[in-house]
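Chemist: For reference, the sequence and a predicted model appear below.
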Amino acid sequence: MGKKKTTAEPGTGPQDPLRENPADIERRVIEIVKRQIDMYCAERGPVTRDTRFVEDLDADSLDAIELTMEAEVDFGISIFDERAEQVRTVDDAVDLVKEILGR
């Protein structure tokens, strides 16, 4: 995958992510994970910041791409592929979104 520019455009997602507090960002990232991966994996337990994508949710590379795309749309941001590849846990994903949004 090629590089993408990292930006945050106000108001491009369902809500204005630049006006959200960190707790709202965390909640929205967890909702994205649940929609994209965990919706059919309820027996694995709740999704928390400690949840590991591969070990706990059996996520594969396609799941990672879908999660990245969903976060980009939902938060109105773009994420470098190299950064997305470093995300191992929900905590990593939350921190990356916060970093891009300047939170």
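Modeler: Happy to help now that I have it.
Chemist: Do a quick rundown of the helices in the protein.
Modeler: Along the chain, counting by DSSP state H, helices occupy 22-36, 53-57, 61-75, 81-84, 90-101.
Chemist: and T48, how far is that from I77?
Modeler: Using Cβ to Cβ, to the nearest Å, T48 is found at 23 Å from I77. For the C-beta atoms, the positions are set from N, CA and C on the backbone; glycine is no exception.
Chemist: quick one on the thing from earlier: would you list the helices of the chain in TSV and tack on mean pLDDT?
Modeler: Formatted as TSV, these follow (pLDDT from 0 to 100):
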stretch	mean pLDDT
helix 22-36	92
helix 53-57	91
helix 61-75	93
helix 81-84	93
helix 90-101	95
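Chemist: Out of those helices, which is the most enclosed?
Modeler: For the helices of the chain, average neighbour numbers computed from mean count of other Cβ atoms under 10 Å are highest in helix 90-101, which has a mean of 20.
Chemist: neighbour-wise, which of T48 and I77 wins?
Modeler: When T48 is set against I77 and neighbours are counted by other Cβ atoms under 10 Å, the residue ahead is I77, at 22 against 13.
Chemist: gap between the more buried one and R52?
Modeler: Relative to R52, and taking Cβ to Cβ, I77 is found at 23 Å.
Chemist: Run through the residues that contact L67.
Modeler: Taking Cβ atoms under 8 Å, 6 or more residues apart in numbering as the criterion, L67 is in contact with I32, V33, Q36, I37, F53, A59, A93.
Chemist: isn't the fourth one right up against D56?
Modeler: Translated: I37. No: I37 is beyond contact range of D56, at 9.6 Å (criterion: Cβ atoms under 8 Å).
Chemist: How about P22, nearest residue that isn't a chain neighbour?
Modeler: R103 (5.4 Å; Cβ to Cβ, 6 or more residues apart in numbering).
Chemist: Please read the previous query as pertaining to I100.
Modeler: In space, I100 is closest to I77, 5.0 Å off (Cβ to Cβ, 6+ apart).
Chemist: The one you found and G102 touch, don't they?
Modeler: No: contact criterion Cβ under 8 Å: I77 and G102 do not qualify, at 10.6 Å.
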